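J.: how would this look folded up:
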Amino acid sequence: MDAGLAAVCGALAGTFATIGAAFATGRTQLEAARIAAHMEHHRQRREPRHGFYRAFISAMEELQTAIGQRKPGPHSLADFTSGYVRECRDRASSVKSVWVDVALAGPENVSTLAEELAQSVDVISSLCADLGRIREEHERNPAGKLPRDTIALLISFEQTVQPMTESLPKFRKAARNALDDNGLSDLRQSHRRTRYRLLRRPAPAPALLGAGVEDSQP
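T.: Below you'll find the predicted structure:
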């Protein structure tokens, strides 16, 4: 190899090295920018969640306090005074007014728990209204018979309150985990899914030699 050819090869090698380094640097900067954008988006989503979660938990605790304002033991029809019913239904309305914010703020597991609690609260509010109405009618006519479904309504109330009470700590834990999440786990999962799709992408078919050239006739 003469000196001129060696110089050319050396220059080409240096050029390719420079291009490779520039490509690697650009790729690193692009990845860093993507991570920064993801983190900022996650921060903007996470900041309002604290207020939404706090308002929802506070409303749920106030409802539990209202439900518990009675003698210990299973609920009886005598518990559902007009004051008791009004207080429970007012607290239930407070829960329903804030749970949508939690559902929209996410993430999905927190939204699901909030929706389940809100559905229980709806049932409790409805049962309070039914049982309160039965109690008022019974007070007006003590000699009259209670509706057949009175016991069933009382049982339904107990069976709804207990799971709701047990679900609130689960919501607190999920909300705390959501607030502690910095978003990097989602980014890593997205990166793994992208790599998996790239690895499974079929390789392009090799070009056929002589494609487009007519076969020669014998």
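J.: can we go C-alpha only for contacts and neighbour counts from here?
T.: OK.
J.: run a quick neighbour tally on the residue nearest to Leu113 when sequence neighbours are not counted.
T.: Nearest residue to Leu113, sequence neighbours excluded (Cα to Cα, 6 or more residues apart in numbering): Phe171, at 6.0 Å. Using other Cα atoms under 10 Å, Phe171 is surrounded by 21 other residues.
J.: you'd agree Phe171 is up against Ala114?
T.: Yes: with contacts counted by Cα atoms under 8 Å, Phe171 reaches Ala114, the gap being 7.1 Å.
J.: between the two ends of stretch 63-74, what distance do you get?
T.: Using Cα to Cα, to the nearest Å, one end of stretch 63-74 lies 17 Å from the other.
J.: residues of that stretch that come out buried?
T.: Within stretch 63-74, the residues that count as buried by 16 or more other Cα atoms under 10 Å are Leu63, Gln64, Ala66, Ile67.
J.: the host helix or strand of the third one: what's the following helix or strand?
T.: In the assignment (DSSP states H and E), Ala66 maps to helix 3-67. Scanning forward in sequence from helix 3-67, with DSSP H and E defining helices and strands, the next element found is helix 82-105.
J.: which element follows that following helix toward the C-terminus?
T.: Per DSSP H and E, the first helix or strand lying C-terminal to helix 82-105 is helix 108-140.
J.: any low-confidence regions in this structure?
T.: Applying pLDDT under 70 to the chain picks out residues 1-46, 71-72, 182-218.
J.: let's see 50
T.: Within the chain, the stretches with pLDDT under 50 are 8, 35, 37-38, 41-42, 196, 207-218.
J.: sorry, back to before: how about TSV for the buried residues of stretch 63-74, with distance to Ser94 added?
T.: TSV is the format used below for the buried residues of stretch 63-74 (distance: Cα to Cα, whole Å):
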residue	distance to Ser94
Leu63	9
Gln64	12
Ala66	12
Ile67	14
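J.: tell me the one of these nearest Ala129?
T.: Ile67 (13.3 Å; Cα to Cα).
J.: skipping adjacent residues, who's closest to that closest one in space?
T.: Nearest to Ile67 is Cys88, by Cα to Cα, 6+ apart, at 6.1 Å.
J.: how many neighbours does that neighbour have?
T.: As a burial measure, Cys88 scores 25 neighbours (other Cα under 10 Å).
J.: could you number the chain from 38 rather than 1 from now on?
T.: Fine by me, first position is 38 from now on; the one you just mentioned is Cys125.
J.: residues contacting it?
T.: By Cα atoms under 8 Å, 6 or more residues apart in numbering, the contact list for Cys125 reads Leu100, Ala103, Ile104, Ser162, Cys165.
J.: a markdown table for those, including distance to Ala115?
T.: Putting those into a markdown table (distance: Cα to Cα, whole Å) gives the following:
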| residue | distance to Ala115 |
| --- | --- |
| Leu100 | 19 |
| Ala103 | 15 |
| Ile104 | 14 |
| Ser162 | 17 |
| Cys165 | 12 |
